[in-house]
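K.L.:
Sequence first, predicted coordinates after that:
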Amino acid sequence: MYALIDCNNFYVSCERIFNPNLSNRPVVVLSNNDGCVISRSEEAKKLGVPMGAPFYQYKNLFHKNHVKIHSSNYALYADMSERVMNILYKYTPDIEVYSIDESFLKFNGYDSFFNIELIAHQIKQEILKGVGIPTCVGFAPTKALAKVANRIAKKFPKELNGIYIIDSEKKRIKALKWLAIEDVWGIGKQLAARLRFMNINNAYDFTQLSDQYIRKEFSVVELRLKKELLGESVLKLEDIKNKKNIATTRSFEHDEKDFEFVKERIITFASVCGEKLRKQNSNANLISIFIQTNPQKETLQYRRTVVLKLPFATNSSITLAKYAIKGLEQIYKEGFAYKRAGVVVSGITDANHKQLNLFNDENSRHSQLMKTIDGLNRKIGQHKIKLAAQDLERTWKMRQEHLSKNYTTDINQIIEIDLNLA
DNA sequence: TCTGGGGTCCTAGGCCAA
DNA sequence: TCTGTTGGCCTAGGACCC
């Protein structure tokens, strides 16, 4: 059996732990730059706030309904996520941390020996008591069905208490007939529209299509999905692997025409990619740089990406920045106002197994220098030590007007309790 | 004025070598 | 030597996920 444990409205739930004022009232958490809504409390959902809603369009609605607004505080969420996952590891070592707020667990042979419902209850209770986050638990014979079970648990909180188990054919078929096609894990907007057009309206209809037809009209991904929904486990737990791509991309606070501005951003992104590579002890062989104008505006658009092959595998921020500038110079066009830019490194290899290059190789001092920079940044706070090409005067602040404190990761921001009031 | 960011996997198509 | 086929590798772009 697979279990899917999913935290309810995760970012909002994290904010609520440290701020009881947020209980039982509409709360939203915004994306970087306070751009869109990326987490909503049940009360906010009831007000009709959709996922991804642009903040500025909903400002009035929020104001009118006293919606509490928070900028995203990823340091806090990452720490709370780790606490949740640590609890899950107590139940089984077979875990796949699928995202910041959900994990698959595999319980081999538990079906006949253990009371699954009891385990589900224990998991839920322990996370709620230990971390303060409410969760939903779905159990089923495959990962895709566990997703379905979890969805049902979420949808009927009063009746099911956040737990649903698909453990019979009858329940499986009933669940699939209930699940709208666009809500199936792996069926996105485009596929759903095509399937609806073919009168395939729910997950059950989808499983009635023949293998050949699915393979011909769609792809191997959809075929696997069909098997999973039929109860044949083809998706296994994924191991924790090093990332295959590492990206650092941002929108600017305003549209920007100045080359030097964009260049400074690109250097910073390349440098951050270097840091991320070093953190997972990897090197990159390829670097791609992209810039784009604001697609929301009806002005002439420009968007280019360039991929450069690095002369040797590297994680040096200096080398990455050097090639990032080279790439930017190739794609930058005067006269456009840019809104977004980014650097992605790929072709990732293990830094311990670097292939020697006869003609080109990195200055051997880079590696020691990077170690020193990383060490200092860890000690005195993130990103205080920069490359000279980064602007030391300007501090790049995202718009984060509603940011909560780092209650659990910064000793200076730890929560204080006034015992006189308590 | 104000619309996020970071991933994965798959397919198609080009190129190249056997 | 030439031509056609096949399969591997690479990359770009699309679709999907959270």
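P.N.:
All right, it came through fine.

K.L.:
make it CA atoms for all contacts and neighbour counts henceforth
P.N.:
Fine.

K.L.:
which bits of chain A sit near DNA strand B?
P.N.:
When proximity is defined by C-alpha under 7 Å from any atom of the strand, chain A lies next to DNA strand B at A:31-36, A:38, A:52-56, A:219-221, A:242-255, A:296, A:340, A:342.

K.L.:
Go again with 6 Å.
P.N.:
A:31-33, A:35-36, A:52, A:54, A:56, A:219-221, A:243-251, A:254, A:296 (C-alpha under 6 Å from any atom of the strand).

K.L.:
Buried only: go through those for me.
P.N.:
If you count burial by 16 or more other C-alpha atoms under 10 Å, the buried members of the residues of chain A next to DNA strand B come out as A:S31, A:N32, A:N33, A:G35, A:C36, A:P54, A:I246, A:A247, A:T248, A:T249, A:R250, A:S251.

K.L.:
Isn't the last one up against A:R340?
P.N.:
Yes: contact status for A:S251 versus A:R340: in contact at 4.2 Å, counting by C-alpha atoms under 8 Å.

K.L.:
In the buried ones among the residues of chain A next to DNA strand B, find the pair that's most separated.
P.N.:
A:P54 and A:I246 (26.5 Å; C-alpha to C-alpha).

K.L.:
Neighbours of the closest residue to DNA strand C within the stretch 201-350 of chain A, how many?
P.N.:
Closest residue of the stretch 201-350 of chain A to DNA strand C, C-alpha to the nearest atom of the strand: A:V307 (5.3 Å). Using other C-alpha atoms under 10 Å, A:V307 is surrounded by 17 other residues.

K.L.:
low pLDDT regions in chain A?
P.N.:
The model of chain A has pLDDT under 70 over residues A:110-113, A:354-361, A:381-385, A:388-389, A:391-398, A:419, A:421-422.

K.L.:
Longest helix in it, please.
P.N.:
helix A:259-279 (DSSP state H).

K.L.:
Give the buried residues for that one.
P.N.:
So, applying 16+ other C-alpha under 10 Å, buried residues of helix A:259-279: A:259, A:262-278.

K.L.:
Give me the helices and strands touching it, please.
P.N.:
When contacts are defined as 3 or more C-alpha pairs under 8 Å, 6 or more residues apart in numbering; DSSP states H and E, helix A:259-279 sits against strand A:246-256, strand A:282-293, helix A:317-331, strand A:338-346.

K.L.:
Redo these as CSV? Include distance to DNA strand C.
P.N.:
Listed next are the helices and strands packed on helix A:259-279 as CSV, based on distance: least, C-alpha to the nearest atom of the strand, whole Å:
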stretch, distance to DNA strand C
strand A:246-256, 13
strand A:282-293, 8
helix A:317-331, 12
strand A:338-346, 9
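
K.L.:
Go through the ones you listed and name the closest to A:L376.
P.N.:
Among the helices and strands packed on helix A:259-279, helix A:317-331 comes nearest to A:L376, with 14.9 Å by C-alpha to C-alpha.

K.L.:
and that closest one, what other elements does it pack with?
P.N.:
Where contact means 3+ C-alpha pairs under 8 Å, 6+ apart, helix A:317-331 is packed against helix A:259-279, strand A:282-293, strand A:303-314.

K.L.:
one more time with 6 Å, if that's ok
P.N.:
Identification of packing neighbours for helix A:317-331 by 3 or more C-alpha pairs under 6 Å, 6 or more residues apart in numbering; DSSP states H and E yields helix A:259-279.

K.L.:
Output the helix it packs on as CSV, nothing but the C-alphas.
P.N.:
Below are the C-alpha coordinates for helix A:259-279, written out as CSV (Å, rounded to 0.1, in the frame of the first residue of the first chain):
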residue,chain,number,x,y,z
PHE,A,259,21.9,46.7,-20.0
GLU,A,260,24.0,47.1,-16.9
PHE,A,261,21.0,46.4,-14.6
VAL,A,262,20.2,43.2,-16.4
LYS,A,263,23.9,42.2,-16.5
GLU,A,264,24.2,42.6,-12.7
ARG,A,265,21.1,40.5,-12.2
ILE,A,266,22.4,37.8,-14.5
ILE,A,267,25.8,37.7,-12.7
THR,A,268,24.0,37.3,-9.4
PHE,A,269,21.8,34.5,-10.7
ALA,A,270,24.9,32.7,-12.1
SER,A,271,26.6,33.1,-8.7
VAL,A,272,23.6,31.7,-6.9
CYS,A,273,23.5,28.7,-9.3
GLY,A,274,27.2,28.1,-8.4
GLU,A,275,26.2,28.1,-4.7
LYS,A,276,23.4,25.6,-5.3
LEU,A,277,25.8,23.4,-7.3
ARG,A,278,28.4,23.4,-4.5
LYS,A,279,25.7,22.6,-2.0
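
K.L.:
That'll do, ta.
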